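Colleague: Return atomic coordinates for the entry below.
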Amino acid sequence: MNIKKRNVIAALMVAMFLGAIEGTVVTTAIPTIVKDLSGFGLISWVFSIYFLTSAISTPVYGKLSDLYGRKNMLSIGIVIFLAGSCLCGLSQSMYQLIAFRALQGLGAGSIFTVTYTIVGDMFALAERAKVQGWLNAVWGIASIIGPFMGGFLIDFLSWHWVFFINVPFGIISVWLLQKNFSERLEREKRQIDYTGILLLSAAIMILLAGVPLGGKNTAAATALTLVLLLVFYFTEKQAKEPIVPLEILTKNNTVINAISFLAAAVLIGADVYIPIFIQNVLGFGATVSGLSMAPMSVSWLLSSVILAKAIPKYGERVVTFISMFVLLLSCLLLPSFELQSPLVIVIICNFIMGLGLGGCFTTMTIAIQTSVGYEKRGAATALNSLVRTIGHTIGVGIFGSVFNLNIVGYFNNLGIKGVHPNDIYSAAGHGGNISLQNIQISINTALHPVFLIMIISTAVCIVLSLLLPSELKEKEKEEKTDSAQPA
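Modeller: Predicted structure coming up:
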């Protein structure tokens with residue numbers, strides 16, 4: 001690997017670090033921020049608006065990178081992200097902070113999409129899994145050092161520096177990218193699919209905003225989203241440069257995106273509800289909880305390194321099947337979690353889960369990129385990234401509803417009516433007829449149906465993996481044959 005490729009990888013890793021560290025640092029800082037800006041009632045918007053705008057911009061960046069180049073789109077995205085970060089740091093009210101977080105999210109959409117597309121462009125099949133493993137490792141590093149960095153900045157400087165600290169990293173990433181990454185683009189006038197962008201953005205916004213609300217709101221949001229997607233489909237058929245080229249919606253890519261959707265739901269279930277078990281059932285603090293989740297990131301990296309050799313040798317069907325089977329084994333451990341379970345069991349479960357998830361997502365990304373040519377690779381990668389985001393959102397909405405219903409059901413069975421999941425700790429603290437042990441048992445009881453859904457989702461992924469071809473195995477043979485040809 002030459003020095004320019006190494007510098008490009010460094011640029012991509014720094015860019016990915018920007019997006020990854022943002023979540024963990026802001027999570028640590030948010031209690032201080034909302035106290036200073038008097039905005040406790042608006043906490044959720046600080047996060048939801050960021051994810052919403054990043055999801056909307058993801059397919060747009062993917063298509064624009066196909067039209068105008070990866071380097072340009074990633075650099076523009078980073079600059080937008082940095083502008084949003086600086087403005088967040090200068091915010092004087094919660095409403096300003098929320099607005100500037102939306103701008104930040106618009107930049108993050110580029111980081112989460114174009115980085116993986118560049119890897120698909122620059123590296124041969126045998127190297128992609130390894131390089132993507134390094135990018136994934138950045139998330140693990142961010143999850144470990146993020147809380148410590150956030151705490152340090154707040155204790156010794158102020159919460160404003162949580163956002164300003166992004167600037168030097170972003171400048172380094174853009175500089176390395178512009179200096180080392182070369183790509184050839186045909187200079188011709190392009191038509192941007194503005195109608196497609198607006199329709200898809202509206203559909204995503206309605207879906208992601210409506211699903212977590214539950215009940216009739218979810219049904220209405222889903223129905224309206226389907227109508228918009230239908231209009232979007234016919235619009236894309238007529239567009240000269242569709243934001244989502246219909247040619248990428250092949251049978252194989254549909255299976256890949258379906259697996260990605262379900263695996264993303266399982267991932268968000270693990271990220272949200274295993275820490276709840278560690279803290280609210282076992283009684284450990286946030287630091288122990290964070291460190292207990294870290295083995296998932298370590299095994300994710302190990303899985304990617306192993307797959308660098310396994311994917312070209314065995315193909316996506318075999319590797320995905322094995323990855324999902326490993327993930328299923330870890331999910332089958334989840335129902336065994338009880339009030340007296342040792343923490344080491346949770347850590348082992350996280351480690352095994354990381355092996356399966358790392359194998360799945362790495363293979364899916366490589367498979368989706370290999371299925372199309374350069375001119376559609378950005379759009380295909382972006383669509384897969386968008387599907388994962390929707391999987392996170394819908395997954396956490398369903399899990400939350402199931403979790404809350406089962407907490408209420410537990411207390412109803414005890415003859416305690418009118419309990420709301422948000423108020424169980426305050427009810428116990430004010431001398432109500434709810435004990436802390438009741439709360440622990442109710443949470444543990446409510447977690448088991450969530451874990452069951454994760455098991456079922458993983459089992460469906462195993463079945464879907466059997467529908468995949470073994471094209472990556474054939475691609476490796478073609479690459480070897482091409483490299484053996486005389487120049």
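Colleague: Just the element for residue 91, please.
Modeller: Residue 91 belongs to no helix or strand when assigned by DSSP states H and E.
Colleague: do the same with residue 227
Modeller: Counting by DSSP H and E, residue 227 is part of helix 215-238.
Colleague: residue boundaries of the helices in the stretch 51-200 of the chain?
Modeller: For the stretch 51-200 of the chain, the helices defined by DSSP state H, counting those that start in this stretch cover 70-89, 94-122, 125-156, 161-164, 166-180, 194-210.
Colleague: Quick one: the ones you listed as JSON lines, columns for mean pLDDT and distance to residue 344 too.
Modeller: Just so you know, the C-beta spots here come from the backbone N, C-alpha and C atoms, and that holds for glycine as well. As requested, those are exported to JSON lines (pLDDT from 0 to 100; distance: least, Cβ to Cβ, whole Å):
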{"stretch": "helix 70-89", "mean pLDDT": "87", "distance to residue 344": "39"}
{"stretch": "helix 94-122", "mean pLDDT": "82", "distance to residue 344": "33"}
{"stretch": "helix 125-156", "mean pLDDT": "70", "distance to residue 344": "19"}
{"stretch": "helix 161-164", "mean pLDDT": "81", "distance to residue 344": "33"}
{"stretch": "helix 166-180", "mean pLDDT": "83", "distance to residue 344": "35"}
{"stretch": "helix 194-210", "mean pLDDT": "78", "distance to residue 344": "37"}
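Colleague: So which of those is nearest residue 311?
Modeller: Of all the helices of the stretch 51-200 of the chain, it is helix 125-156 that lies closest to residue 311, at 5.5 Å by Cβ to Cβ.
Colleague: Number of residues surrounding residue 310?
Modeller: Using other Cβ atoms under 10 Å, residue 310 has 18 other residues around it.
Colleague: Also residue 365?
Modeller: Using other Cβ under 10 Å, residue 365 has 26 neighbouring residues.
Colleague: Please apply the same query to the one 5 residues further on.
Modeller: Each residue near residue 370 was counted by other Cβ under 10 Å, and the total is 20.
Colleague: And it, how close does it get to residue 311?
Modeller: 10 Å (Cβ to Cβ, to the nearest Å).
Colleague: about what we covered before: among the helices of the stretch 51-200 of the chain, which is nearest residue 437?
Modeller: helix 125-156 (29.0 Å).
Colleague: Ignoring the adjacent residues along the chain, who's closest to the residue nearest in space to the middle of the chain?
Modeller: Nearest residue to the geometric centre of the chain (Cα atoms, centre = their mean): residue 389, 5.8 Å. Nearest residue to residue 389, sequence neighbours excluded (Cβ to Cβ, 6 or more residues apart in numbering): residue 55, at 4.4 Å.
Colleague: if I pick residue 378, what's in contact with it?
Modeller: 61, 62, 63, 64, 65, 66, 70, 73, 113, 114, 117 (Cβ atoms under 8 Å, 6 or more residues apart in numbering).
Colleague: which of these tops the neighbour count?
Modeller: residue 114 (32 neighbours).
Colleague: residues near the residue nearest to it when sequence neighbours are not counted, how many?
Modeller: With sequence-adjacent residues excluded and distances taken as Cβ to Cβ, 6+ apart, residue 114 is closest to residue 74, at 4.2 Å. Residue 74 has 28 neighbours, counted by other Cβ under 10 Å.
Colleague: how near is residue 74 to residue 280?
Modeller: For residue 74, the distance to residue 280 equals 40 Å [Cβ to Cβ].
Colleague: could you measure residue 356 against residue 272, distance?
Modeller: Remark: distance between residue 356 and residue 272 (Cβ to Cβ) = 18 Å.
Colleague: again with residue 357
Modeller: For residue 357, the distance to residue 272 equals 14 Å [Cβ to Cβ].
Colleague: more neighbours, residue 356 and residue 272?
Modeller: Higher neighbour count among residue 356 and residue 272: residue 356, with 27 against 16, using other Cβ under 10 Å.
Colleague: who touches the more buried one in this structure?
Modeller: Going by Cβ under 8 Å, 6+ apart, residue 356 touches 303, 323, 324, 325, 326, 327, 328, 329, 330, 458.
Colleague: for residue 447, same thing?
Modeller: Residues counted as contacts of residue 447 (Cβ under 8 Å, 6+ apart) are 273, 276, 277, 281, 334, 337, 403.
Colleague: Could you rerun that using 6 Å?
Modeller: Shown in contact with residue 447 (Cβ atoms under 6 Å, 6 or more residues apart in numbering): 273, 277.
Colleague: just how off-centre is the strand or helix carrying it within its chain?
Modeller: Using DSSP H and E, residue 447 sits within helix 436-465. Here the centre of helix 436-465 is set off from its chain's centre by 20 Å, with Cα atoms, centre = their mean, to the nearest Å.
Colleague: try stretch 407-419
Modeller: With Cα atoms, centre = their mean as the basis, stretch 407-419 stands 34 Å off its chain's centre.
Colleague: Also stretch 276-290?
Modeller: 22 Å.
Colleague: and what of stretch 6-14?
Modeller: Computed by Cα atoms, centre = their mean, the chain-centroid distance of stretch 6-14 equals 20 Å.
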